[in-house]
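Asks: Task: produce atomic coordinates for the following.
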Amino acid sequence: MDTTAQDAPPGHVRTVLAWLALTAILGLGAWLRLGALDLGYSSDEVGTVTGAGFRGIFDHPETGVNPPLWRWMFNLPFSPWDAPWWGRRFSFVMSELAIVLGFVVGRRAGGGSAWAGLGAALLLAAHPWCVRYGVTFRVYATWSAVLLAHVWSLGHALEREAGPARRPWLVLAVVTAVVAPWLHYFSVPVLLVLGAAVLLGMPGRRRLVALYVPAALGVTPLVPYVLFEEGRRVAPDREPLRQVLVKLSSLDVQPPPLVWSALWRGLSRVLGFWPDLGLTMTTTTLLLLLLVLVRWRAATPTLRLAAAGLAGVLGGTALLAQVQYVRPSTLVMVLTFAGPALVAAPSVLPWRLARVLGVVAVTGWYAGNLPHHLTKERQTWEVERGIPWVLDHAEELEARRGGRPYVVSPAHRLWTVWFHLAHSEPRAATRGEGCTGWRPCFEHEGVVWAGVDAVDGSLLDALVLYVDAWRTEELGRGCEVVHDGGAWVLLDCHAEPVDPVPPRL
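Replies: Predicted coordinates for the structure are as follows:
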């Protein structure tokens, strides 16, 4: 009788079950992402497209805010129209890879706890912003995978003695550290904090801080662009810094519905006010980071690195937000470290039961409300379907248009229309005679397309494509709704022109 299965060690069974669970999480992540893969291109994606050569991309003003590596990767081998198509699929692959790396980093951070690894993987798989940027022609999913690979490899190197077994991990740590700043400038403050953690918090391994020297040397060609090229920076005047930091440190989630609907309602009666849910999540994050700091010696090197990386992202945001608008994509960077750091934090507790229950509780605390949050965010993503819908129905709309222009709002969305129509970058757009009085504007195959920010339907005689879920009362005044897509709307406005020159709004 074969007793192999009966004699299989429990650890082996747990490993198999853990990888099966990870496979299910990967499937969930893929399913969520594929549903957003066919959205129309966003203005950020279109802004990444260029037909410039190697040197032209490097010298472009965009290099002042975004390093050239990502643009080199896709704009050099592909046409402007094909670049975002391939870039989205590359992001999808790297996003799935980040889930796997989140698992192995979280497990190692938790001292071998599969629960910690699965909790980290779940956050990276199902958080709305990881889903959205997992199928976007932007660098964030790739950055997440590269930084997780860096923490994973450096954690291995810190736990091994010098010798041939450690050398491959050191090489991977150096390579990922060199590549990261060429993907995104935010890597610099993060790597600085990681280096400080190695130097100050890894007794006996402080020499390994030298692996960051190649990264520091490698980023020097970009320094002049960061310091002096300000043309593409967006002023940080949209949200107060406190609100930005709460949004990031709370992971932009709320407690599970059962908790805030039952416990929080009871607390509100006792306290006389409703506790701030976002601030509650922020407090949890800070307490978990404090727990790792207090129990630093009990934490694995990988957990120390993940916690330091999270502190680097939050601290870097507090500094860089003084000169640059912080986009929602920064949440992907937060989650890169928050997934393994926060979920594995209870592993520093001295009691086994507390460690296991703590990991499960933290995972549920941050992930319990993700389905609702994901549903809510997906509704806003539908705004990207507005432009493709209008272009797909252009022939049907021609009679209604009657020679009038199309007006697109907000104005920056106009160049996304050009990209979908002409399959070329925005700087190739052509102004025609019909653009007189409009700015910005282009003419394509005899049709005038103009962009405005403030829309008052009573002043426009045009088909108005408004691609924003937030609407004002002035928007629909004097207009007929042609199609309402929820997050976007197409209006037919019939203002009586007071002169032959279209209004400039």
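Asks: Closest to the mean position in this protein, which residue would that be?
Replies: Central residue of the chain (CA atoms, centre = their mean): Ser329, 3.0 Å from the mean position.
Asks: ok, that one - contacts?
Replies: Counting by CB atoms under 8 Å, 6 or more residues apart in numbering, Ser329 makes contact with Trp129, Tyr133, Arg138, Tyr140. All C-beta atoms are positioned from the backbone trio N, CA, C, and that covers glycine.
Asks: Next one: it from Leu335, what distance?
Replies: Remark: distance between Ser329 and Leu335 (CB to CB, to the nearest Å) = 11 Å.
Asks: what do those two both touch?
Replies: Here Ser329 and Leu335 have Trp129 as joint contacts, going by CB under 8 Å, 6+ apart.
Asks: What is the burial count for Pro346?
Replies: 26 (other CB atoms under 10 Å).
Asks: wait, it sits on Ala354?
Replies: Yes - assessed by CB atoms under 8 Å, Pro346 is found in contact with Ala354 at 6.8 Å.
Asks: Spell out the secondary structure type for Ala462.
Replies: Here Ala462 is strand, with the state taken from DSSP: H, G, I helix; E, B strand; the rest coil.
Asks: For it, which non-adjacent residue is spatially closest?
Replies: Leaving aside its chain neighbours, Ala462 sits nearest to Val407 (4.5 Å; criterion: CB to CB, 6 or more residues apart in numbering).
Asks: The one you found: which element?
Replies: strand 406-409 (DSSP states H and E).
Asks: Can you tell me what sits against the next helix or strand after that strand?
Replies: Using DSSP H and E, the helix or strand that follows strand 406-409 in sequence is helix 414-422. With contacts defined as CB under 8 Å, 6+ apart, helix 414-422 is touched by 40-43, 46-47, 49, 80-81, 387-388, 391, 406, 408, 424-426, 428-429, 440-442, 444, 449-451, 465.
Asks: rewinding a little: quick check: the two most widely separated of the contacts of Ser329?
Replies: Pairwise distances among these were taken by CB to CB; the largest, 11.3 Å, belongs to Trp129 and Arg138.
Asks: before we move on, the earlier item: just the buried ones from the contacts of Ser329?
Replies: Buried members of the contacts of Ser329, counted by 16 or more other CB atoms under 10 Å: Trp129, Tyr133, Arg138, Tyr140.
Asks: Tabulate these in a markdown table, adding columns for distance to Gly27, secondary structure and pLDDT.
Replies: Listed next are the buried ones among the contacts of Ser329 as a markdown table, based on distance: CB to CB, whole Å; DSSP: H, G, I helix; E, B strand; the rest coil; pLDDT from 0 to 100:
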| residue | distance to Gly27 | secondary structure | pLDDT |
| --- | --- | --- | --- |
| Trp129 | 20 | helix | 96 |
| Tyr133 | 19 | helix | 97 |
| Arg138 | 24 | coil | 96 |
| Tyr140 | 22 | helix | 97 |
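Asks: Just send these back as JSON lines, with distance to Ala18 too.
Replies: JSON lines is the format used below for these (distance: CB to CB, whole Å):
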{"residue": "Trp129", "distance to Ala18": "26"}
{"residue": "Tyr133", "distance to Ala18": "26"}
{"residue": "Arg138", "distance to Ala18": "31"}
{"residue": "Tyr140", "distance to Ala18": "27"}
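Asks: can you map out the helices along the stretch 351-500 of the chain?
Replies: 352-367, 370-381, 386-392, 394-401, 414-422 (DSSP state H, counting those that start in this stretch).
Asks: Tell me which of these sits most buried.
Replies: Of all the helices of the stretch 351-500 of the chain, helix 414-422 has the most neighbours on average by mean count of other CB atoms under 10 Å, namely a mean of 22.
Asks: quick one: average pLDDT of that helix?
Replies: The average pLDDT for helix 414-422 rounds to 95.
Asks: just how off-centre is it within its chain?
Replies: Distance of helix 414-422 from the chain centroid (CA atoms, centre = their mean, to the nearest Å) equals 23 Å.
Asks: Between helix 394-401 and that helix, find me the angle.
Replies: Angle, helix 414-422 to helix 394-401, by axes from the mean of the first three to the mean of the last three CA atoms, to 10 degrees: 120 degrees.
Asks: got the CA coordinates for helix 414-422 in PDB?
Replies: C-alpha atoms of helix 414-422 as PDB (Å, rounded to 0.1, in the frame of the first residue of the first chain):
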ATOM      1  CA  LEU A 414     -10.100  67.100 -26.700                       C
ATOM      2  CA  TRP A 415      -6.700  65.500 -27.500                       C
ATOM      3  CA  THR A 416      -8.000  62.100 -26.600                       C
ATOM      4  CA  VAL A 417     -10.600  62.600 -29.300                       C
ATOM      5  CA  TRP A 418      -7.900  63.400 -31.800                       C
ATOM      6  CA  PHE A 419      -5.900  60.300 -30.900                       C
ATOM      7  CA  HIS A 420      -8.900  58.100 -31.400                       C
ATOM      8  CA  LEU A 421      -9.800  59.700 -34.700                       C
ATOM      9  CA  ALA A 422      -6.300  60.200 -36.300                       C
END
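Asks: re the thing from before, want to throw the helices of the stretch 351-500 of the chain into a markdown table with distance to Gly111?
Replies: Formatted as a markdown table, these follow (distance: least, CB to CB, whole Å):
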| stretch | distance to Gly111 |
| --- | --- |
| helix 352-367 | 8 |
| helix 370-381 | 26 |
| helix 386-392 | 49 |
| helix 394-401 | 59 |
| helix 414-422 | 48 |
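Asks: Looking at those, spot the one closest to Ala307.
Replies: Among the helices of the stretch 351-500 of the chain, helix 352-367 comes nearest to Ala307, with 13.3 Å by CB to CB.
Asks: For the closest one, which helices and strands make contact with it?
Replies: Under the contact criterion of 3 or more CB pairs under 8 Å, 6 or more residues apart in numbering; DSSP states H and E, helix 352-367 touches helix 114-126, helix 277-294, helix 330-344.
Asks: least reliable of those going by mean pLDDT?
Replies: Taking the mean pLDDT of those, helix 277-294 comes last: a mean of 93.
Asks: going on from that one, what's the next piece of helix or strand?
Replies: Next along from helix 277-294, by DSSP H and E: helix 301-320.
Asks: in the stretch 101-250 of the chain, what spans have low per-residue confidence?
Replies: Counting by pLDDT under 70, the ranges of the stretch 101-250 of the chain that qualify are 229-238.
Asks: OK, contacts around the residue nearest to Ala462?
Replies: Val407 neighbours (CB under 8 Å, 6+ apart): Trp449, Ala450, Gly451, Val452, Val455, Leu460, Ala462, Leu463, Val464, Leu465.
Asks: now do Ala141
Replies: Ser91, Phe92, Met94, Ser95, Ala98, Cys130, Tyr133, Gly134, Val332.
Asks: Save those residues as CSV, and put in distance to Thr300 and secondary structure too.
Replies: Formatted as CSV, the contacts of Ala141 follow (distance: CB to CB, whole Å; DSSP: H, G, I helix; E, B strand; the rest coil):
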residue, distance to Thr300, secondary structure
Ser91, 30, helix
Phe92, 31, helix
Met94, 25, helix
Ser95, 26, helix
Ala98, 20, helix
Cys130, 24, helix
Tyr133, 28, helix
Gly134, 28, coil
Val332, 24, helix
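Asks: Number of residues surrounding the closest residue to Thr302 other than its chain neighbours?
Replies: Closest residue in space to Thr302, ignoring its immediate chain neighbours: Gly155 at 3.2 Å, by CB to CB, 6+ apart. Neighbourhood size, Gly155 [other CB under 10 Å]: 24.
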